[in-house]
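>>> coordinates only, no sequence provided:
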């Protein structure tokens, strides 16, 4: 284990170098800062399994998952006959020879407890040595007590007085030790699978980078790997290619899809002198650019590093049971020791036998299975209920934190809106109607890949309009398109594009266009021949459920903040329509993550909802990251919760379910604490001086089982909780 020094990359480093972590350790402890290792294993302080650094790619299936799967399957197979033999006396007419079945239970339980569950004892030993008591301490105490008592009952039954025997036999608790071990193994396996997915977002981001580039040198063009680009290189980018690195256009221009950065679907027109960002997609046009940022200075690299740091900086939620364990375990051990001493000194003959049995009774009745199951059982049921509603929860911490959320920061495009431009208004000039204008415009737009062009074509398809064939098609970067359809020359684009070709825009057309822009709509102008034929208004429509979702979240006491890469006019128009409390527009990824950090510093518990690559850092930095299932893999990988249908109403359901789950957990913990508060004194013999009553280990075992069943049954109520 070590603390690795920070490494710096030279200016010629490639894409892989730009996302190297500040530490070269492949594994770290999420609980203990500074504990790192280049090999998988357990934390030397708390015994928790080390977590893989998300900046390192995973080589196949994780070893921990394979080992836990094997142990769980074998332990479950061995536990089944132990459980059946232990419960056989409850089936009328079914009887086995006790002198034979107790040895079978003993032999089958040994590998379950000491092979499959051996790691719990080793982790508990580490936690004891470092005095970082946790759930493993509780698990080892409970399983060890149940097994040790039962083993003594099999190997040396004579140490027990006759009053503690039923039909001449001492009660056994092998099934309790085995079943608890199997349940805990299952929880560990599910947790390991969730941890294995934490690096997927980082690897998806790294995969966005361009692999090759067309470098211009000495008048020649050559294809080179992206990792060979150096500052000042001239690079050619053709239509349909990714921009290889951050830089500035020196010649030509194009329409770039920068949605990975801004989250907005509209392409951005770029010309000579404009900056371009690595990994963005050049849709149309060809240009030459100069490389100006490489290695760790590129924007993609900075986004990768922000996601990684945000993921690692999130401290795991300290379970209530883990906190209590620091006091619970030593108190129970002290209670058992005191019980042994008091009975050994003052108890009736045989004093030592009574002392041993009562001390074991204390340990068995205080077996932390109820306390250990209180949180994971509710979480498992709650997560399963969420999945049935189309809400995928990556980890238990998200469920625990969601109930405390005070602020929801949300992206606009793809989250509040559909994320796909569509024609909302068709305004024809005199002499044209909606269908004739749409038919001519869609025909000319059909060869174009521009999102606005696709919106016009889709509108024609929705109206079942058959398009004309087009000739002389031409696309002008940052202007529009022109073509000949039905014998007419049609020009579509900006108003300036039409004016340049002699088409006058007179009357109140500018006022009509401005009225549409104030409603967050993009205006596209259509000219036929030398006349203005009309305009189209194109917008990203608000999702049908967004208004109801915002209203519901307000009723639940949340403050809603929109943080979007879109322009201020569009953002404010959407905010007004939905009743959003606060708006931040023209926001880059670093602006979103800075807003999250500022809110957290002010004491807010922040949930972030988004769907794009540009939202990934903020999703990772928020207390609860919520991704739209219709969004990018990177956003989904960075978020703790994914809404499969991308429906914002599901956020309200998530918070309600979180509140119900945490209420259920508190109820379970109350049951466990009350049970121990009453059970431990009874097991210690509190009633004996007054009524001559002792709580035998057999009754203690039954009470222990009842406490576990009560916790499980209460957790199962979550399946029908109203959300």
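Okay, I see it. Everything quoted here is computed from the prediction, not taken from an experiment.
>>> in the chain, which residue is closest to the centre?
Nearest to the geometric centre of the chain sits residue 640, at 2.0 Å (C-alpha atoms, centre = their mean).
>>> surely that one touches residue 393?
Yes. Between residue 640 and residue 393 there is a contact under C-beta atoms under 8 Å: 7.1 Å. The C-beta positions use only the backbone N, C-alpha and C, and glycine is treated the same way.
>>> on that earlier part again, how many other residues sit next to the nearest residue to the residue nearest to the centre of the chain once chain neighbours are set aside?
Leaving aside its sequence neighbours, residue 640 sits nearest to residue 398 (C-beta to C-beta, 6 or more residues apart in numbering; 3.6 Å). Look at residue 398: counted by other C-beta atoms under 10 Å, it has 22 neighbours.
>>> pull the contacting residues for residue 398.
Neighbour list for residue 398: 624, 625, 640, 641 [criterion: C-beta atoms under 8 Å, 6 or more residues apart in numbering].
>>> show me where the stretch 151-300 of the chain has strands.
165-166, 169-170, 212-217, 220-225, 234-237, 246-252, 254-257, 268-270, 275-276, 281-284, 287-293 (DSSP state E, counting those that start in this stretch).
>>> tell me the secondary structure at residue 384.
Following DSSP: H, G, I helix; E, B strand; the rest coil, residue 384 is assigned to helix.
>>> relative to residue 341, how far out is it?
Separation of residue 384 from residue 341 (C-beta to C-beta, to the nearest Å): 47 Å.
>>> and for residue 676?
Note on residue 676: its distance to residue 341, by C-beta to C-beta, is 21 Å.
>>> and residue 136, by the same measure?
Residue 136 is 28 Å from residue 341, where distance means C-beta to C-beta.
>>> same check on residue 355?
Per C-beta to C-beta, residue 355 is found 7 Å from residue 341.
>>> compare these two (neighbour count), which wins?
residue 355 (20 against 12).
>>> where does that one sit, in terms of helix or strand?
Under the criterion of DSSP states H and E, residue 355 resides in helix 351-365.
>>> deepest in the core, which of the strands of the stretch 151-300 of the chain is it.
Mean neighbours per residue, mean count of other C-beta atoms under 10 Å, is largest over those for strand 254-257, with a mean of 23.
>>> just how off-centre is it within its chain?
32 Å (C-alpha atoms, centre = their mean, to the nearest Å).
>>> tell me the SS of the residue in the chain sticking out farthest from the centre?
In the chain, counting by C-alpha atoms, centre = their mean, residue 349 sits farthest out from the average C-alpha position, at 60.5 Å. What three-state DSSP gives for residue 349 is coil.
>>> how far away is it from residue 426?
Look at residue 349 and residue 426: by C-beta to C-beta, they are 101 Å apart.
>>> ok, now residue 674?
Noted for residue 674: a distance of 69 Å to residue 426, by C-beta to C-beta.
>>> the two: who's more crowded?
Shown here are residue 674 and residue 426; by other C-beta under 10 Å, residue 426 has more neighbours (20 against 11).
>>> make sure the more buried one is actually in contact with residue 437.
Yes. Between residue 426 and residue 437 there is a contact under C-beta under 8 Å: 6.3 Å.
>>> who touches both of the two?
Joint contacts of residue 426 and residue 437 (C-beta under 8 Å, 6+ apart) are residue 534.
>>> the strands of the stretch 151-300 of the chain: which one's closest to residue 84?
Checking these against residue 84 by C-beta to C-beta gives strand 169-170 as the closest, at 18.1 Å.
>>> contacts for the helix or strand residue 457 falls within?
Assigned by DSSP H and E, residue 457 falls within helix 451-462. For helix 451-462, contacts defined as C-beta under 8 Å, 6+ apart pick out 265-267, 420-423, 426, 438-439, 441-442, 445-446, 448, 467, 481, 492, 522, 524, 536, 538.
>>> same check on stretch 279-288?
Stretch 279-288 is contacted by residues 208-210, 216, 234-243, 249-258, 260-261, 267, 270, 272, 300, 448-450, 475, 477 when judged by C-beta under 8 Å, 6+ apart.
>>> any idea how far that stretch is from the chain center?
33 Å.
>>> that stretch: end-to-end distance?
15 Å (C-alpha to C-alpha, to the nearest Å).
>>> re the thing from before, inside helices: which ones of the contacts of helix 451-462?
The members of those that map onto helices under DSSP state H are 438, 439, 441, 442, 445.
>>> for the first one, grab the count of nearby residues.
When neighbours are defined as other C-beta under 10 Å, residue 438 has 25 of them.
>>> the closest residue to it other than its chain neighbours: neighbour count?
In this structure, residue 438 finds its nearest non-sequential neighbour in residue 460, 5.3 Å apart by C-beta to C-beta, 6+ apart. For residue 460, the neighbour count with other C-beta under 10 Å is 21.
>>> for residue 109, see how far away residue 460 is.
Here the criterion is C-beta to C-beta. By it, residue 460 lies 72 Å from residue 109.
>>> beyond the helix or strand where the residue nearest to residue 640 lies, next helix or strand please.
Element membership of residue 398 [criterion: DSSP H and E] is helix 396-402. In the C-terminal direction, the helix or strand that comes right after helix 396-402 (DSSP H and E) is strand 407-410.
>>> just the pLDDT at the spatially closest residue to residue 114 that is not a sequence neighbour, thanks.
Spatial nearest neighbour of residue 114, chain neighbours left out: residue 121 (7.7 Å); criterion: C-beta to C-beta, 6+ apart. The score at residue 121 is 90. That number is its pLDDT.
>>> for the stretch 451-600 of the chain, which segments are assigned as helices?
451-462, 495-500, 509-517, 546-555, 568-578, 589-601 (DSSP state H, counting those that start in this stretch).
>>> ok so, going back, next one: phi and psi at the residue nearest to the centre of the chain?
When quoted as degrees, to the nearest 10, the phi and psi of residue 640 stand at phi -80, psi -20.
>>> any idea how far it is from residue 399?
With distances taken as C-beta to C-beta, residue 640 is found 9 Å from residue 399.
>>> shared neighbours, those two?
Joint contacts of residue 640 and residue 399 (C-beta under 8 Å, 6+ apart) are residue 393.
>>> for the nearest residue to residue 279 once chain neighbours are set aside, report the pLDDT, please.
When the adjacent residues along the chain are set aside, residue 279 lies closest to residue 208, with 4.5 Å between them (C-beta to C-beta, 6+ apart). Among the per-residue scores, residue 208 shows a pLDDT of 76.
>>> show me the contacts for residue 208.
242, 260, 279, 300, 613, 634 are the contacts of residue 208 under C-beta under 8 Å, 6+ apart.
>>> and these, which are buried?
Neighbour-count burial (16 or more other C-beta atoms under 10 Å) applied to the contacts of residue 208 gives 242, 260, 279, 300, 613, 634.
>>> about what we covered before: could I get the contacts of residue 208 in a markdown table, plus columns for pLDDT and distance to residue 406?
A markdown table is the format used below for those (pLDDT from 0 to 100; distance: C-beta to C-beta, whole Å):
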| residue | pLDDT | distance to residue 406 |
| --- | --- | --- |
| 242 | 91 | 40 |
| 260 | 68 | 30 |
| 279 | 87 | 35 |
| 300 | 79 | 32 |
| 613 | 76 | 27 |
| 634 | 70 | 27 |
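>>> now for those residues: which two are most distant?
Using C-beta to C-beta, the two most remote members of these are 242 and 634, lying 15.3 Å apart.
>>> helix or strand: which one has residue 65?
In the assignment (DSSP H and E), residue 65 maps to helix 63-87.
>>> give me the contacts around that helix.
Applying C-beta under 8 Å, 6+ apart, the external contacts of helix 63-87 come out as 40, 49, 96, 101, 104-105, 108-109, 111-112, 115-117, 172, 174-175, 178-179, 181-182, 185-186, 188-189, 192-193, 196.
>>> so which elements touch the helix or strand following it?
Of the helices and strands lying after helix 63-87 in sequence (DSSP H and E), the nearest is helix 98-111. Under the contact definition 3 or more C-beta pairs under 8 Å, 6 or more residues apart in numbering; DSSP states H and E, helix 98-111 sits against helix 63-87, helix 135-155, helix 174-196.
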